[in-house]
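# need a 3D model of the sequence below.
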Amino acid sequence: MIGGNIGNRLQNLQRAITLIGTKAGEITRQSAVYETEAWGKHDQPAFLNQVLRVITSQQPQALLQTLLGIEQEMGRARQEKYGPRTIDIDILLYDDLVMKTDELAIPHPQLHLRRFALAPLAEIAASVIHPVLKKSIDELLLECPDKLAVKKL
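Residues are numbered from 1 along each chain as shown. Here you go, the predicted structure:
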């Protein structure tokens, strides 16, 4: 998932897509772009978010390092938890893998609680089963307790 709320948000998403396609793997699907209220820290501009399906030969830890490098290349500064950012790139799912290290948890541990992630994910992977919760992405979206606005552009 890619998202951001600083600068030219749409241009930042496009640049992230290009860099991910070049450095991480082949992008085979992408959702529409969604404008979403900020989650976790509300006194900031709305985000644009999009979900990508990427086929990669990189193992999860290596992929994470690649994605963090792209964030850094795009000027991401990690100064404040849930704060504003030019770009944020998260791994939501990696096939049906379940893993947790100090640096990376797959599936994303907050996925089922975040409408801004579930809505675009459901657009491209509605029937995919969450490997821990054993429910489809569509089911998780229907049950999601998050009521923040998520608007398809």
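# drop to CA atoms for contacts and neighbour counts, all remaining ones
Fine.
# what's the pLDDT at the spatially closest residue to residue 140 that is not a sequence neighbour?
With sequence-adjacent residues excluded and distances taken as C-alpha to C-alpha, 6 or more residues apart in numbering, residue 140 is closest to residue 112, at 5.9 Å. Each residue has a pLDDT score; the one for residue 112 is 97.
# so what's residue 112 up against?
118, 140-141, 144 (C-alpha atoms under 8 Å, 6 or more residues apart in numbering).
# next one: residue 125 from residue 38, what distance?
Going from residue 125 to residue 38 by C-alpha to C-alpha, to the nearest Å gives 23 Å.
# give me the more crowded residue out of the two.
residue 38 (22 against 18; other C-alpha atoms under 10 Å).
# any idea which element the residue located most distally from the centre of the chain lies in?
Farthest-out residue of the chain from its mean C-alpha position, per C-alpha atoms, centre = their mean: residue 43, at 20.6 Å. Under the criterion DSSP states H and E, no helix or strand holds residue 43.
# name the nearest residue to residue 89, sequence neighbours excluded.
residue 2 (4.6 Å).
# contacting residues for the one you found?
Per C-alpha under 8 Å, 6+ apart, neighbours of residue 2: 13, 16, 49-52, 87-90.
# hang on, the earlier thing: select only the buried ones of the contacts of residue 112 in PyMOL?
Restricted to buried positions by 16 or more other C-alpha atoms under 10 Å, the PyMOL selection for the contacts of residue 112 reads:
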select buried, resi 118+140+141
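# same list, the contacts of residue 112, but as TSV with pLDDT and secondary structure please.
Below are those laid out as TSV (pLDDT from 0 to 100; DSSP: H, G, I helix; E, B strand; the rest coil):
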residue	pLDDT	secondary structure
118	98	helix
140	98	helix
141	98	helix
144	97	coil
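# just the ones of the contacts of residue 2 in strands?
Mapping the contacts of residue 2 onto strands (DSSP state E) picks out 49-50, 52, 88-89.
# least confident pick among those residues?
residue 88 (94).
# pretty sure that residue sits against residue 4.
Yes - counting by C-alpha atoms under 8 Å, residue 88 touches residue 4, with 5.9 Å between them.
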